[in-house]
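*Asks:* quick check, what structure comes out for this input:
(one chain, ligands or ions: 2)
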Amino acid sequence: MTYLLGLTGGIASGKSTVSRVFKAAGYPVVDADVIARRIVEPGRPALARIVQAFGPQVLRADGKLNRAKLGEIVFSQPRRLEALNQINRPYLRAAINQALEQAKAGGAAIVVGDIPLLYEADYADAFDGVAVVTVAPDVQLARLMARDGLTEAEAKERIASQIPLAEKAAMADFVIDNNGKSEATIAQAKALIRQLQHLS
Ligand SMILES: CC(C)(COP(=O)(O)OP(=O)(O)OC[C@H]1O[C@@H](n2cnc3c(N)ncnc32)[C@H](O)[C@@H]1O)[C@@H](O)C(=O)NCCC(=O)NCCS
Ligand SMILES: Nc1ncnc2c1ncn2[C@@H]1O[C@H](COP(=O)(O)OP(=O)(O)OP(=O)(O)O)[C@@H](O)[C@H]1O
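*Replies:* Ligands and ions are numbered 1, 2, ... in the order given. Have a look, this model is predicted:
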């Protein structure tokens, strides 16, 4: 039996560190951010609908999505973000479900779905359990600004577009604290793997 684990957190909370530990241990990880990039490649229907809704300003000269431009628009205007979500969600859901089914068919004891918007987009019921990677708000803000080169105002907008991390942690089956050094986070991820091996 495969244990299907949903892995989530907030923007820049440290999911990548945890997903790397699962990958290194040999478990398949389905990454929703990678799938979200694939469904908007040139020629895909989601991209055509985005251009229809947001105009040619969100396309680069080479026909690819201008992610920085679209990010600027949607994270500063909640209604525009909702419009983007309405377009993307059906394509995302179909592609994520297909990738999870394919991973499960491989027969691994644990399969991970790394989905930043797991709670916002109502994926929790699809999983046997959900792990949330948390950090304190000031740590999240500082790491996000440093990683993505955003101003404090831009970073705060992005954080505010998601359910607060503390609320996600309260809904989770497992919580991984990423306030400390990454070694401490890696140790918690390894302990979680041992726990799940007993459940699968
Ligand atoms: C707005 C876009 C173009 C910005 O691209 P950019 O390369 O700057 O960011 P990237 O895609 O790497 O996302 C970084 C993080 O932003 C957060 N984020 C992304 N999309 C959203 C959203 N719709 N709502 C809230 N937070 C989001 C996530 O925490 C994600 O991990 C892009 O995020 C996008 O197309 N988002 C919509 C698709 C989606 O819902 N992705 C999430 C998969 S669950
Ligand atoms: N324990 C840590 N100590 C110091 N820096 C960290 C730690 N964990 C993560 N970071 C840094 O914080 C930033 C965000 O981490 P990471 O990219 O893993 O988050 P994420 O949850 O995968 O983000 P997203 O959902 O936005 O893609 C990165 O620049 C990373 O190097």
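*Asks:* helix or strand for the residue of the chain most remote from its centre, which one?
*Replies:* Distance to the chain centre peaks in the chain at residue 61, reaching 27.8 Å (criterion: Cα atoms, centre = their mean). For residue 61, there is no helix or strand it lies in under DSSP states H and E.
*Asks:* residue contacts, it?
*Replies:* Listed by Cβ atoms under 8 Å, 6 or more residues apart in numbering, residue 61 has no contact partners. All C-beta spots, glycine's among them, are computed from the backbone N, C-alpha and C.
*Asks:* how about residue 42?
*Replies:* The neighbours of residue 42, taking Cβ under 8 Å, 6+ apart as the test, are 63-64.
*Asks:* against residue 117, how distant is the residue farthest from the centre of the chain?
*Replies:* Distance from residue 61 to residue 117, counting by Cβ to Cβ, to the nearest Å: 30 Å.
*Asks:* isn't residue 158 right next to residue 145, touching?
*Replies:* No. At 10.0 Å, residue 158 does not count as touching residue 145 under the criterion of Cβ atoms under 8 Å.
*Asks:* between these two, which one's more packed in?
*Replies:* More neighbours surround residue 158 than the other of residue 158 and residue 145, with 21 against 16 (other Cβ atoms under 10 Å).
*Asks:* before we move on, back to that, pLDDT value on the residue farthest from the centre of the chain, please?
*Replies:* Confidence at residue 61, expressed as pLDDT, is 96.
*Asks:* state the phi and psi torsions of it.
*Replies:* Dihedral angles of residue 61 (phi, psi; degrees, to the nearest 10) stand at phi -60, psi -30.
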